[in-house]
Every structure is written in structure tokens, then in C-alpha cells.
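Q: Need a 3D model of the sequence below.
(chains A and B, ligands or ions: 1)
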Amino acid sequence: MAAIRNSLSPWHFAGLMARPSKACDRLAGPAPEVHDVILRVVLPLSIVPPVLAYVGGATFGWRLGGGEPLYIPADGLVLISLAYFVALVTGFVSTALVASWMAGTYGARREFGAHLAFVALVGMPAIVASLAHLAPHAFVNMLLLIPALIWSLYLLYRCLPAALGTSPERGMLMASSLVAYVLVAFVSLLGITVVLWSGGIGPALGV
Amino acid sequence: MAAGERYHDRVAGWLTGFAVLWSLLGMTAGVYIAAELVWPTIDFGQEWLSYGRLRNLHTNAVIFGFGVSALMATAFYSVQRTCHAPLFAPGLAWFVAIAWQAGVLAGGVSLLAGWNGGKEYAELEWPFDIAIAVVWVCFAVVFFGTIARRRIQPIYVSNWFYGALIIVIAMLHIVNSLAIPVTWSKSYSLFAGAQDAVVQWWYGHNAVGFLLTGGFLGMLYYFLPKHADRPIWSYRLSIVAFWAFTYSYIWAGPHHLHYNAVPEWVQSLGMVMSLVLLAPSWATMVNGVMTVAGAWEKLRTDPALKFIVLSLAFYGLATFEGPMMSIKSVNVVSHFTDWTVGHVHSGALGWNALITFGTFYFLVPRLVGAELYSTRLANWHFWLALAGVMLYVLAMWGAGVSQGLLWLSLDEIGELSFSFKDIMASMAPYYALRLVAGVVFLSGAALMAINLWMTVQGRAVVRVAPPPVAEGAV
Ligand code: HEM
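A: Here you go, the predicted structure:
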């Protein structure tokens, strides 16, 4: 069985995403090095959505509904894309940190590299769905995000026991705890963004 | 223990049945109004089918029909077992159960007929308010009467939460409903203006706090350890969390009135107390999560435990999101948008409905002494519920954040960039998505109704005797 540590690349992860049983097997093997996963998977993956968002936003303007698209000036767009990148990397790394912190409670393996690779796999469908950023219409993006999220959830519940080396029952509990963390992290991000907006950073709002 | 003494479980069984029925009816109303937001003409010109009336029917049916019936059922069931004593005044318990259903039914019809006191979650007119107060006091008599005749000294933590539910809701309901009747169907509140707003949201927010949160925590604290077959992870933490929760919740109501005519300091106090609330809320979540973590083998045999695990995840989300939305600089964007509706339903579907479903899958087979009819159906229900609540929350986050941003957007000369009407017209796709979410969630609940019906069909409620209590334990 080929170990995941020998096949760390975004392409490979995209392929694994489509073949869950193979993906679970691969991840169950020896853990990859942390810096390898970060440099060869997490960072390249996290660049994709911000770049697509920049191209889509600069070319067509974001449509949230309500008629005219919202054009954001180029430097603002760069800033937003950078923030998006940082948020994605933070999201991957913090989720893996939380997962390895939970590992003790759920009897899972501890190596951080294994957690990071697993989280990258689970996030992969959402990265692919970010292709929708090229058509920067909020609802279109959401429509594509939904099947991606369903797939991510499927990978999470399906592969967690094998990838992190715990029983299916404890895997189910751990997966649900991770869902809770990701939901809370996502809503915090919404909150932080909105506080920035009302503080005058970002789009011009009448507050 | 008197010889031949038995727990009174039939009344809990009937209340459970009504809770299931109201969940189906209330959510069907929810699905219908969700459809009206996509196709506004499906009220067919009928006043009783209009959004304004059906929306109140939805909230009242799910909160008071489904939620309160479930709380009464589980309170009656658990208080007997935690006190090792049968219900005090079982006849009165039956009166409470039946009168409550009659009240919700008649109240629902009155809402459809257009009677409306105009206060959110307290829409029912004064004759109903008086009836509710009477039934609620009887509920208190049965519950505290049972506690008074308990045969074990400590009062288990679930009873603290149920007890707080009963006392606080009585207080809120009576004060907020004070009004001068002018006809049978119309009354005027004793409060006016900003004062009315403060009293209303003191009521409204603490109804969320002590009913939808505290009451259901009572359910959690009794049924989770039962499912897990082990004591709560930290009993001390549960008691500390109870008092912290009870003390801080009462002050949080003004976060519903940010940037309104109430004094600035009242708003800020509401915000600070809402942030404080995160601590006791999450203490309970940790307690629940750690209790299940030690009992994972149970997941093999207990299809219902999954629901409770997931309900804790959404409880965590909702109790984090709420304090966050009470921060004024978040609220300025989120208030009056669908973000609020999404927040409500991550609590309502993800927490209240899921924990109740998990509890019913556990309780109903035990009430009739049988296995659950179908574990497969229950597993299907689980995935439908997860998909339904996720879709609902996602659709409302998308709609809500877009609305907040677009409403406030300024153009180069400082005028609003978009018209309200255009923004709302462009929300139809999100509303369609929420409609799909509702249908998915409701169909899961329908599977549960079938499953539970098949489980109880042709069976009677088992008669259970309290365990003998050792001499001197009292
Ligand atoms: C099939 C499931 C459900 C659907 C489709 C649904 C749909 C809706 C809709 C369309 C509204 C009106 C939103 C607006 O005016 O913009 C609403 C409001 C509300 N629903 Fe539901 N609902 C469902 C289940 C529930 C459940 C189970 C509960 C409680 C246990 C609940 C509690 C509420 C509350 C409290 C409100 C008022 C929210 C506010 O004023 O901000 N709903 N629901």
C-alpha cells in the first residue's frame, strides 16, 4: 500500500477525493512530515480560491443580488484575497490542531502530520468548488458549495476512523465534534469580517 | 414505598405523542410559509392562509405545541425516577396534559382567525393568557409536589433546570401578559413605548433561555447519562453552570433592542451579559461531550445517541453565534436580516428538535417495553436531519449577510446603492433553498413519527414500580 507521505501534491489529493476508500487506506499509513504537508498540500490548495476570487471579482464584480454588481477597487480586492488566503491556511491548520488535541479523548493517533493530511483531504471538495468564484454570483457559489460540503462531510465521517486510527464509534463522535469546531470557526470568521466592515474596513457601509 | 405503587408514565406517553403531532403540524406550517416567501400568491387571497397569520401559527405550534409538550412529557417521566416517587396528584398531571393540548389547538385557531396581541411569542390574546397561567401553575404543583415527596435527599440537576423553566416562565408570562381587555379578542398591554419593548424582550429572550435552552438542558441532563449508562462527566460543573446560566440569562434581553429607543447603557449591559453567557453555555456542552466520549460503545446499539451528539454540536454553534450577534458592531449588520432566522433555526432544528428526537427514540420503546421498530429508519432520519439543518443554516447565512451588506451599501455620493425592494426580490433563490431544507427536515421527522407509531402500536405503557429505598437514605 502506497503511503500518503510519498504522494503529497494537490493533484494527488484531488484524485483521492474522488476515491474515498483508496483515500482512507492511504491516510491510514505512516504519517507524513508536517512541513511536507504544509508546503506541498496546504499552501498550494489555499492559494487556489483567493486567486479565483480575485480574477472573478476584478473581471465581473461580485453580485450579491439586488441589481448592480459590487465592484471593489483593485487594491481592496488584493487585500481581501490575501485575507482569504490567511483564513484558509488558518482554517486548515487550526482544524488539524483541534483534531490532534481531541485525539486523546477519542483514542486516535497523535501525529500532527496525519491530522493535517486528513483535514486537507476533507477540505479538498470545497477547494474544487471554489472554481465557482470565476462566476462571482453569491448564490451560484452557494449552490456549488452545497454538494462540495456534502462530499466533505461524507469524507469526514467515512475516513476519520481509518485515517486517524480509532474505532468507527469513536470516529463518529470525533467527526461530530469537528463539525462543531468548523461551524464555530466559520461563524467567528463571519463575525470578524462584519466587525471589520462596520469599523470602516472593506466595502463602504452607512454605519 | 407503599405496596403496589407505580410510576405514572401514561401521561408522559400521551404528551410524547402530542409533541410528535405538533412537530409535524408546526413544521408543515413552517414549510408553507417558507413556500410563501418564494411564491407569495399561494395564500390564494385567504386571510387565514396569509403569511402574517401562518407565521404565528408556526412559531406557536413548534414552541408551545412541540417544545412544551416534549418538556412536560420528559419532566413527568424523569422527575419520578430522580425522586424515586410517583407523580404527586396524577389527576392534575392529566389535566395539565389535556388542557395544554386544548389550549394550543384553540390558540392556533384563534391566531388563524386573526386574534393577535402583537407581542412576539406571546401573540395569544388575554383569555388564553389566563388559561395558560392556570395550567402552568398546575404543572408547577405536580412537579414540585413530586419533588417534595422525593425519597432521595439530593435534587438531581435535571430537576433544577426543569424547576427553573417552570418558575421563570410563570414569572415572564404573567408580567409580560399584563393587559387591559377591551373585548374577548382584544386587549391593550399595560406597558407602552420603550418600556413595553424592554419587558417584551425580557420575556422573549428568557423564553429562549429558560424554555428552549434551560428546559431542554433538563432533558439533556436526565436522558444523556441514561443513554450513556454512566454518570454525567462532572456533576459539580453542571451545578456551577446552572447557577451561572440562571443568573446571567435574565439580563441579556436588551440585545434584541440594539440601536433602538432604549437607553444606551441598557443595550450595552445586554451585550455584556450576553457575552458572559457563553461560559455557562459551553460548560454544559463540554460536560455533555465528555459524557458521551466515555460511552462510545453505546453508539453500536443505540441509534438515538447520534442525535444527541449532533444536537450538542449545534447547541455549541448557536450559543456561540448568539453572543457574537449581540456585539453591537455585528448586530448593526445582522439585525433585521435572515441571519437571525438562520441563527434561530440552528438552535431550533439543530438543538431543540434533534435532542428531542434522540430522547424520543430512547423513551418511547422503554415506555411500552419494546424494541424500536426500525433502526434503519432512525438512521435515515439522522442524515435527513443533518442535511436539512445544514442547508437551512447555509441558505440563511448567505441571504442574511448579503442583505446586511446590500442594505447598508453606499455609492460614491453617499446614497444607498440598492433599493430594499430589489434586494428582497433577489433573495428568492435562498428562500427556495430554505424551502428544500425544510422539506428534507420535515420528511425526516415524518419517518420518526412512522417509526414511533409502529413501535407503540398495539402495546400498552409498562407499569414500573419505584425501586425500594434503603432505610435511612431519606
Ligand atoms: C421544517 C422545519 C422548519 C421550517 C421550514 C421553518 C420555517 C420558518 C420560516 C419561513 C420562518 C419565518 C422567517 C421570516 O419571517 O423571515 C420561521 C420562523 C421561526 N421558526 Fe421556523 N421552521 C422550521 C422549524 C422550526 C422549529 C422546529 C422551531 C422551534 C423549535 C422553529 C422556530 C421558529 C422561530 C422561533 C421563528 C421566529 C424567528 C424570528 O422571529 O426571528 N422553526 N420558521
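Q: which parts of the stretch 151-300 of chain B sit against chain A?
A: By Cβ under 8 Å from any Cβ of the partner chain, the part of the stretch 151-300 of chain B that sits against chain A consists of B:289, B:290, B:292, B:293, B:296, B:297, B:299, B:300. C-beta coordinates here come from the backbone N, C-alpha and C atoms, glycine included.
Q: Let's see which of those residues end up in helices.
A: B:289, B:290, B:292, B:293 (DSSP state H).
Q: Could I have the buried ones of these as PyMOL selection syntax?
A: Those of these that count as buried under 16 or more other Cβ atoms under 10 Å in any protein chain shown are selected in PyMOL with:
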select buried, chain B and resi 289+292+293
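Q: Can you tell me which of the ones in helices among the residues of the stretch 151-300 of chain B next to chain A is nearest chain A?
A: residue B:293 (5.1 Å; Cβ to the nearest Cβ).
Q: Just give the nearest non-adjacent residue to the closest one, would you?
A: In space, and not counting its chain neighbours, residue B:293 is closest to residue A:105: 5.1 Å by Cβ to Cβ, 6 or more residues apart in numbering or on different chains.
Q: show me what contacts that neighbour?
A: Contacts for residue A:105 were tallied using Cβ atoms under 8 Å, 6 or more residues apart in numbering or on different chains; they are A:174, B:290, B:293.
Q: did I read that right, it in a strand?
A: No. Going by DSSP: H, G, I helix; E, B strand; the rest coil, the assignment for residue A:105 is coil, not a strand.
Q: follow-up on the earlier one: which two of the ones in helices among the residues of the stretch 151-300 of chain B next to chain A have the greatest separation?
A: The widest separation within those, taken as Cβ to Cβ, falls between B:290 and B:292 and amounts to 7.5 Å.
Q: Least confident secondary structure element in chain A?
A: Of all regular secondary-structure elements in chain A, judged by mean pLDDT, DSSP states H and E, the least confident is helix A:10-18 with a mean of 85.
Q: Could you name the helices and strands sitting against the strand or helix carrying residue B:355?
A: For residue B:355, the element it lies in under DSSP states H and E is helix B:354-368. Using 3 or more Cβ pairs under 8 Å, 6 or more residues apart in numbering or on different chains; DSSP states H and E as the contact test, the elements touching helix B:354-368 are helix B:10-36, helix B:68-83, helix B:216-228, helix B:305-325, helix B:375-408, helix B:428-456.
Q: okay if I get the ones you listed as a markdown table plus mean neighbour count and mean pLDDT?
A: Formatted as a markdown table, the entries for these read as follows, by neighbours: other Cβ atoms under 10 Å in any protein chain shown; pLDDT from 0 to 100:
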| stretch | mean neighbour count | mean pLDDT |
| --- | --- | --- |
| helix B:10-36 | 22 | 98 |
| helix B:68-83 | 25 | 98 |
| helix B:216-228 | 25 | 95 |
| helix B:305-325 | 25 | 95 |
| helix B:375-408 | 23 | 94 |
| helix B:428-456 | 20 | 98 |
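Q: Compare these and report which one is nearest to residue B:155.
A: helix B:68-83 (7.8 Å).
Q: Output that closest one as PDB, restricted to C-alpha atoms.
A: In PDB, the C-alpha atoms belonging to helix B:68-83 read as follows (Å, rounded to 0.1, in the frame of the first residue of the first chain):
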ATOM      1  CA  VAL B  68     -43.500  22.400  25.700                       C
ATOM      2  CA  SER B  69     -45.300  19.100  25.300                       C
ATOM      3  CA  ALA B  70     -42.000  17.400  24.900                       C
ATOM      4  CA  LEU B  71     -40.700  19.200  28.100                       C
ATOM      5  CA  MET B  72     -43.800  18.200  30.100                       C
ATOM      6  CA  ALA B  73     -43.500  14.600  28.900                       C
ATOM      7  CA  THR B  74     -39.900  14.300  29.900                       C
ATOM      8  CA  ALA B  75     -40.200  16.300  33.100                       C
ATOM      9  CA  PHE B  76     -43.000  14.000  34.300                       C
ATOM     10  CA  TYR B  77     -41.100  10.900  33.300                       C
ATOM     11  CA  SER B  78     -37.700  12.000  34.800                       C
ATOM     12  CA  VAL B  79     -38.900  13.700  38.000                       C
ATOM     13  CA  GLN B  80     -40.400  10.400  39.200                       C
ATOM     14  CA  ARG B  81     -37.300   8.500  38.500                       C
ATOM     15  CA  THR B  82     -34.900  11.000  40.000                       C
ATOM     16  CA  CYS B  83     -37.100  11.200  43.100                       C
END
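Q: And what about residue B:372, helix, strand or coil?
A: Using three-state DSSP, the secondary structure recorded for residue B:372 is coil.
Q: Could you list the low-confidence segments of chain B?
A: Scanning chain B for pLDDT under 70 picks out the ranges B:1-3, B:469-474.
Q: In it, which residue sits nearest chain A?
A: Counting by Cβ to the nearest Cβ, chain B gets nearest to chain A through residue B:426 (2.9 Å).
Q: what are the phi and psi values for residue B:119?
A: With angles defined as degrees, to the nearest 10, residue B:119 sits at phi -110, psi 130.
Q: tell me, how many neighbours does it end up with?
A: 19 (other Cβ atoms under 10 Å in any protein chain shown).
Q: Likewise for residue B:5?
A: Close neighbours of residue B:5, defined as other Cβ under 10 Å, add up to 10.
Q: Residue A:70 against residue A:203, yeah?
A: Yes. Here residue A:70 lies in contact with residue A:203, judged by Cβ atoms under 8 Å, at a distance of 6.8 Å.
Q: list residues touching both of those two?
A: By the contact definition Cβ under 8 Å, 6+ apart, residue A:70 and residue A:203 are jointly contacted by B:405, B:409.
Q: hang on, the earlier thing: ok, is the helix holding residue B:355 in contact with the ligand or not?
A: No. Helix B:354-368 lies out of reach of the ligand by Cβ under 6 Å from any ligand atom, never closer than 8.5 Å.
Q: Check which residues of that helix are buried.
A: Of the residues in helix B:354-368, B:354-365, B:367-368 count as buried by neighbour count, 16+ other Cβ under 10 Å.
Q: Closest one of these to residue B:98?
A: The shortest separation between residue B:98 and any of the buried residues of helix B:354-368 is 18.2 Å, and it belongs to residue B:367 (by Cβ to Cβ).
Q: quick one on the thing from earlier: leaving out chain neighbours, which residue sits closest to the residue of chain B closest to chain A?
A: Distances taken as Cβ to Cβ, 6+ apart put residue A:65 closest to residue B:426, at 2.9 Å, once the chain neighbours are dropped.
Q: That neighbour belongs to a strand?
A: No. With three-state DSSP as the criterion, residue A:65 is assigned coil and is not in a strand.
Q: Now residue A:126: closest residue in space that isn't a chain neighbour?
A: Leaving out its chain neighbours, residue A:126 is closest to residue A:148 (Cβ to Cβ, 6+ apart), at 5.0 Å.
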